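K.L.:
have a look; sequence and predicted model below, questions after that.
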Amino acid sequence: MIDKILAISGKSGLFRLVARGNNNLIVESLTDGRRMPAHQRERVLSLGDIAMYTVDGEVPLNTVFAKAKALTGGTIAPVSVNDPAVEQRAWFAKVMPEYDEDRVRAGDIKKFIQWYNILIETGNDDFSEPEAAETEADAEG
């Protein structure tokens, strides 16, 4: 579930929340499985709390990931983080035609592509709504 996946400023990649300590979080890298502490002074964001700007407001990141997954058929993005920003924007416009071109920066799209590819490659591709997924898990258990 996307709400348990974290981005930490100053650290590349994405992390899964493993446990909470007194003054930190214990996280595990999705790419190499290494565990490490994330301290209070570090900016830690859950992907479930991030949204993309659109011309009509904001759209949760999991919804944008789901649109990208539908467009690519569940494979990694056809553009990479090393491609020119023009190509990245063109692909992102196919994923999210209503995105706000003035407020979504090239770096935001690059990070989206990087995160999307990490999530797909590591099998963390359940982009359902966090609340809906929790409700389904509660009903099953």
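P.N.:
Everything's here; your move.

K.L.:
what's the burial count for the closest residue to Ala19 other than its chain neighbours?
P.N.:
Distance criterion C-beta to C-beta, 6 or more residues apart in numbering; nearest residue to Ala19, sequence neighbours excluded, is Ile26 at 4.3 Å. All C-beta spots, glycine's among them, are computed from the backbone N, C-alpha and C. Using other C-beta atoms under 10 Å, Ile26 is surrounded by 15 other residues.

K.L.:
likewise for Arg89?
P.N.:
There are 16 residues near Arg89, going by other C-beta under 10 Å.

K.L.:
name the SS class of the residue nearest to Ala19, please.
P.N.:
State at Ile26, reduced to three classes by DSSP: H, G, I helix; E, B strand; the rest coil: strand.

K.L.:
and what of Lys110?
P.N.:
Lys110 ends up helix, using three-state DSSP.

K.L.:
what's near enough to touch it?
P.N.:
Applying C-beta atoms under 8 Å, 6 or more residues apart in numbering to Lys110 gives the contacts 81, 85, 88.

K.L.:
list the contacts of the first one.
P.N.:
Which is Val81. Contacts of Val81 by C-beta under 8 Å, 6+ apart are 88, 110, 113-114.

K.L.:
just the last one next, same as before
P.N.:
Listed by C-beta under 8 Å, 6+ apart, the contact partners of Gln88 are 79, 81, 106, 109-110, 113.

K.L.:
then Gly21?
P.N.:
Pro37.

K.L.:
ok, back up a step: distance of the residue nearest to Ala19 from Lys11?
P.N.:
14 Å (C-beta to C-beta, to the nearest Å).

K.L.:
cool, Glu121 as well?
P.N.:
With the distance defined as C-beta to C-beta, Glu121 ends up 18 Å from Lys11.

K.L.:
quick check: neighbours shared by Ile26 and Lys11?
P.N.:
Common neighbours of Ile26 and Lys11 (C-beta under 8 Å, 6+ apart) do not exist.

K.L.:
in the chain, where is pLDDT below threshold?
P.N.:
Residue ranges of the chain with pLDDT under 70: 130-141.

K.L.:
ok, 80 please
P.N.:
1, 129-141 (pLDDT under 80).
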